[in-house]
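[1] please work out how this folds:
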Amino acid sequence: MTHLSSLFSQLIASYWWLLPLLMILGLLKSPWFKGIIGEAMVNRAVQRQLDKVDYHLIKNVTFPTTDGTTQIDHIIVSRFGVFVVETKNMKGWIFGGKHQKIWTQKTFRSRSKFQNPLHQNHKHTKALETALGIASGKLFSVIVFVGDSTFKSDMPENVTSGADYIPYIKSKTKVLLTASEVQQAIEHITDGRLQPSIGTSRQHASHVREIVTAKAEVKSRPPETASTKACPKCGSDMVLRTSLKGPHAGSQFWGCSTFPKCRTISDIG
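    Sure, this is the predicted structure:
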């Protein structure tokens, strides 16, 4: 036993560096680190290829919304409009279309599905439109794929790879905002955003998990019976639902049909 302990101690002393090395390698492969690299690449392209006088970059913006938060990778404010940039650090072949709800990523070993980033960024754009109080035609959604990925479907002009999003931004040459409106937009974003921090990121991640869980619960519920009963909060139809867990499991209640956007419920009576 003593011999084994001694041998183990010698191995630890000789190869202690393996543990931090493995931790570093794991960090480099993590989605978090890939996201950081992707955002850094986008930032560098903006700084090198867009005139700082005309284009103002604001990074990692988290806005409060009526039902939680929304997180935007990059916002570029200019007199030619406000560009809402979503980055995707992915490898392999990318299949998808403008109106497809789900896109596909195919690598040598696997195939996986992910949400259409245009739909995802539409929510960001609408949240920013509300926050800034400007017309939708003055905001542009931009999707940037970074990493070793190749499009295998025809993509809209605002879905780009690498620094190709820069020419798309430069193609917008019509002046849409005055100098005063540009400054106001920048101030609204900086004043209205949540303070960037680990806590803010965790809050947003928790909100996303809550939405995913809520959607999964809705899918698992038995068929619902629509009614002519209107939601007292938003005016949408109420539907008859069955509680699946908790002390009232098995009992029915009225719930807003737009859940999780609206969470209004009421008893049957």
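
[2] where along the stretch 51-200 of the chain do the strands fall?
    For the stretch 51-200 of the chain, applying DSSP state E, counting those that start in this stretch gives strands covering 55-65, 68-78, 81-89, 92-95, 102-106, 111-115, 139-146, 149-151, 159-161.

[3] now those strands as CSV including distance to Gln252, mean pLDDT and mean neighbour count?
    For the C-beta atoms, the positions are set from N, CA and C on the backbone; glycine is no exception. Below are the strands of the stretch 51-200 of the chain laid out as CSV (distance: least, CB to CB, whole Å; pLDDT from 0 to 100; neighbours: other CB atoms under 10 Å):
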stretch, distance to Gln252, mean pLDDT, mean neighbour count
strand 55-65, 30, 86, 17
strand 68-78, 27, 88, 21
strand 81-89, 40, 93, 23
strand 92-95, 42, 94, 18
strand 102-106, 32, 94, 16
strand 111-115, 32, 92, 11
strand 139-146, 40, 94, 23
strand 149-151, 47, 92, 14
strand 159-161, 44, 93, 22
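
[4] okay, these in CSV with distance to Leu194 next?
    Listed next are the strands of the stretch 51-200 of the chain as CSV, based on distance: least, CB to CB, whole Å:
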stretch, distance to Leu194
strand 55-65, 4
strand 68-78, 7
strand 81-89, 17
strand 92-95, 31
strand 102-106, 29
strand 111-115, 23
strand 139-146, 20
strand 149-151, 30
strand 159-161, 28
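
[5] quick one: closest of the ones you listed to Val182.
    For those, proximity to Val182 was assessed by CB to CB; strand 68-78 is nearest, at 5.8 Å.

[6] packing partners for that closest one?
    Counting contacts by 3 or more CB pairs under 8 Å, 6 or more residues apart in numbering; DSSP states H and E, strand 68-78 is packed against helix 31-49, strand 55-65, strand 81-89, helix 117-132, helix 179-192, helix 198-220.

[7] parallel or antiparallel, list what pairs with the third one.
    This points to strand 81-89. Looking at strand 81-89 with DSSP bridges, its partner strands are strand 68-78 (antiparallel), strand 139-146 (parallel).

[8] among the ones you listed, which is nearest Phe259?
    Of the strands paired with strand 81-89, nearest to Phe259 by CB to CB is strand 68-78, at 13.6 Å.

[9] the closest one to helix 179-192, inter-axis angle?
    Using axes from the mean of the first three to the mean of the last three CA atoms, to 10 degrees, the direction of strand 68-78 lies 150 degrees away from that of helix 179-192.

[10] with just CA atoms, put strand 68-78 into CSV.
    What follows is strand 68-78, C-alpha atoms only, in CSV (Å, rounded to 0.1, in the frame of the first residue of the first chain):
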residue,chain,number,x,y,z
GLY,A,68,-37.2,38.6,-19.2
THR,A,69,-34.1,39.7,-21.1
THR,A,70,-32.7,39.6,-24.6
GLN,A,71,-29.0,39.5,-25.4
ILE,A,72,-27.5,41.0,-28.6
ASP,A,73,-23.9,40.2,-29.6
HIS,A,74,-23.2,43.5,-31.5
ILE,A,75,-25.1,46.7,-32.3
ILE,A,76,-23.6,49.0,-35.0
VAL,A,77,-25.2,52.5,-35.0
SER,A,78,-24.8,54.7,-38.0
